[in-house]
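Visitor: With the input below, show me the fold.
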Amino acid sequence: MANLKLSTAVRSSMMTALNTAIGTSCQWRIYSGTQPAGPDSTATGTLLAELTGAAGAFGTVSNGVLTASAITQDSSADATNTAGYFRILTSGSVAVIDGDVATTGADLNLNSTAITAGAIVQISSATFTAGNA
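Guide: Numbers count the residues shown, from 1 in each chain. As a prediction, the model looks like this:
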């Protein structure tokens with residue numbers, strides 16, 4: 001049975017490294033379809049919305065938890081479809097994170113996964129937590 005536990009210092013160090021990799025002014029892209037194997041794989045599905053993280057996209061790490069700073073809404077969604085996953089890219093368009101999208105229990109929870117072209121899409125908050133934090 002696996003029961004790996006990490007110290008708070010190690011969890012915080014991991015999330016600080018993630019914060020550095022994301023960098024400033026990251027892009028949050030929301031796609032339809034099935035999440036690819038990971039951010040190193042080509043994005044699949046239809047790009048539905050693109051939001052921009054604030055300069056200094058994520059704040060300080062606390063106890064292995066990385067919390068996003070303000071995320072600028074997409075004032076006009078690109079396409080109509082159901083959100084399936086998201087991808088965070090650096091300001092240089094390098095994919096760093098992929099995660100699933102739903103209304104509850106996902107890596108990114110939206111009020112509705114039904115996105116309509118031309119509609120506003122916003123993320124009110126986002127946090128990433130290192131294992132066992």
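
Visitor: in the chain, what spans have low per-residue confidence?
Guide: Across the chain, the stretches falling below the confidence threshold (pLDDT under 70) are 1, 56, 133.

Visitor: what's stretch 91-101 in contact with?
Guide: With contact meaning Cβ atoms under 8 Å, 6 or more residues apart in numbering, stretch 91-101 is reached by 18, 21-27, 30, 35-36, 38-40, 43, 83-90, 106-110, 113, 128. C-beta here means a position set from N, CA and C on the backbone, and glycine is covered the same way.

Visitor: How far away from the center of its chain is that stretch?
Guide: Shown here is stretch 91-101, whose average C-alpha point lies 7 Å from the average C-alpha point of the whole chain (Cα atoms, centre = their mean, to the nearest Å).

Visitor: Doesn't residue 43 lie inside a strand?
Guide: No: secondary structure of residue 43 (DSSP: H, G, I helix; E, B strand; the rest coil): coil, not part of a strand.

Visitor: Distance check, it against residue 83.
Guide: Distance check for residue 43 against residue 83: by Cβ to Cβ, to the nearest Å, it reads 13 Å.

Visitor: The two: which is more packed in?
Guide: The residue with the greater number of neighbours, taking residue 43 and residue 83 and applying other Cβ atoms under 10 Å, is residue 83; the counts read 25 against 17.

Visitor: and the more buried one, what is it in contact with?
Guide: With contacts defined as Cβ under 8 Å, 6+ apart, the neighbours of residue 83 are 30-32, 48-49, 101, 110, 113-115.

Visitor: Tell me where the protein has strands.
Guide: Counting by DSSP state E, residue ranges of the strands within the chain are 27-32, 47-53, 65-67, 71-72, 81-89, 95-102, 108-109, 114-115, 127-129.

Visitor: Tell me which of those approaches residue 59 most closely.
Guide: Proximity to residue 59, assessed across these by Cβ to Cβ, is greatest for strand 65-67 (5.3 Å).

Visitor: Need the residue closest to the centroid of this protein.
Guide: Residue closest to the average C-alpha location in the chain (Cα atoms, centre = their mean): residue 88, at 5.1 Å.
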